[in-house]
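[1] Here is a sequence together with a model predicted from it:
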Amino acid sequence: MIAKRIIPCLDVRDGRVVKGVNFAGLKDVNDPVTLAKFYNQQGADELVFYDITASFEERELFTDILQGVASEVFIPLTVGGGINTLADFERVLNSGADKVSVNSGAIKRPELIQEGAQRYGSQCVVLSIDIKRVGDSWHVFAKGGREDTGMDALEWIKKGEALGAGELVVNSIDTDGAKSGFDLPLLKAISEISSLPIVASGGAGNAEDFVELFQLDKIEAGLAASIFHFGEVKIPDLKEQLAEKQIPVRII
């Protein structure tokens, strides 16, 4: 069985890492470069960097901050926020990213996924989806969770996979920051319709949440922010607990 990945997430606004609940009420956490260095030393398997207001503010991602983060990590770095063109792909890759996360830009122009996959390979293209339950279905939200597109999330995932995305990051708005566990019904539904590796995001509150998450076969990684940022769960301790449960992880 492939080793499960533990991934801290840096949500960056105005040059600072922030965190909220249900994509709202954002509070300052720390400097992104300082946190990146810390997580690299802690044994994180990857790091995700989101410029969370770039799409909403219709501007380019802050590459100066990204370069600072990239200089401190020696693990794969996924970067998203304001990715709308191949030029944006090139800019963040040249700034130190290993993978590029597309979200609002791909919603506006789905062929961006295909263009990125054709030029850089599917392994470089991560489809990040902000999802919230609306009635009896799951909708895709854009612009940092501010705008309900009305699109069915499962259908959008199928389309993204067909266009060449190599990985999914599933951000559950319903469980984001609530620390009540990952959105397992949503993740199970996605795993049944997609063959792509799935990174689960939103809801981690303790180590047991990761244990429960990794019972789903197609979930390859768990992404979290608050519990790591505030020291509620330490990555080395989490990996030890997962290993004790016979869940394969990389331990340094």
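    That came through fine.

[2] Show me the residue at the heart of the protein, geometrically.
    Per Cα atoms, centre = their mean, the C-alpha nearest to the average position across the chain is that of residue 169, at 4.8 Å.

[3] Look at it and tell me its secondary structure.
    strand (DSSP: H, G, I helix; E, B strand; the rest coil).

[4] My guess is it contacts residue 222. True?
    No: in this structure residue 169 lies outside contact range of residue 222 using Cβ atoms under 8 Å: 11.0 Å. In this view, the C-beta of every residue, glycine as well, is placed from N, C-alpha and C.

[5] so what's in contact with these two at the same time?
    Residues touching both residue 169 and residue 222 (Cβ atoms under 8 Å, 6 or more residues apart in numbering): 199, 201.

[6] What's the first helix or strand after the lowest-mean-pLDDT helix or strand in the chain?
    Within the chain, no helix or strand scores below strand 24-30, which has a mean of 61 by mean pLDDT, DSSP states H and E. Counting by DSSP states H and E, the next helix or strand C-terminal to strand 24-30 is helix 32-42.

[7] what helices or strands is that following helix leaning on?
    Judged by 3 or more Cβ pairs under 8 Å, 6 or more residues apart in numbering; DSSP states H and E, the packing partners of helix 32-42 are strand 5-13, strand 16-21, strand 47-51, helix 63-70, helix 235-244.

[8] In CSV, list those along with mean pLDDT.
    Formatted as CSV, the helices and strands packed on helix 32-42 follow (pLDDT from 0 to 100):
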stretch, mean pLDDT
strand 5-13, 92
strand 16-21, 70
strand 47-51, 91
helix 63-70, 87
helix 235-244, 97
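
[9] most neighbours per residue, which of those?
    strand 47-51 (a mean of 26; mean count of other Cβ atoms under 10 Å).

[10] Which residues does that one contact?
    Applying Cβ under 8 Å, 6+ apart, the set of residues contacting strand 47-51 is 7-13, 32, 36, 39-40, 61-62, 65-66, 69, 73, 75-82, 97, 101, 128, 169, 223.

[11] Which one, of the helices and strands packed on helix 32-42, ends up nearest to residue 109?
    Distance to residue 109, taken as Cβ to Cβ, is lowest for strand 47-51 among these, at 18.7 Å.

[12] Contact partners for the residue nearest to the centre of the chain?
    48, 78, 101, 126-129, 199, 201, 223.

[13] And the helices in the stretch 151-252 of the chain?
    153-163, 184-193, 207-213, 226-229, 235-244 (DSSP state H, counting those that start in this stretch).

[14] For residue 224, which non-adjacent residue is spatially closest?
    Of all residues not flanking residue 224 in the chain, residue 204 sits nearest, at 3.9 Å (Cβ to Cβ, 6 or more residues apart in numbering).

[15] Just the pLDDT at that neighbour, thanks.
    pLDDT recorded at residue 204 is 96.

[16] hang on, it packs against residue 183?
    No: Residue 204 lies out of contact with residue 183 (Cβ under 8 Å); the separation is 10.7 Å.

[17] Contacts for stretch 185-193, please.
    131, 133, 138, 153-154, 157-158, 168, 170, 172, 174, 198, 200, 213, 216-219.

[18] Just the buried residues of those residues.
    Among these, those buried by neighbour count (16 or more other Cβ atoms under 10 Å) are 131, 138, 153-154, 157, 168, 170, 172, 174, 198, 200, 213, 216, 219.

[19] Any stretches of the chain with poor pLDDT?
    Scanning the chain for pLDDT under 70 picks out 1, 19-29, 52-62.

[20] Pull the contacting residues for residue 245.
    residue 211.

[21] May I have the beta-bridge partners of residue 7?
    residue 223 (DSSP bridges).

[22] Quick check, it in contact with residue 225.
    No: Residue 7 is beyond contact range of residue 225, at 9.8 Å (criterion: Cβ under 8 Å).
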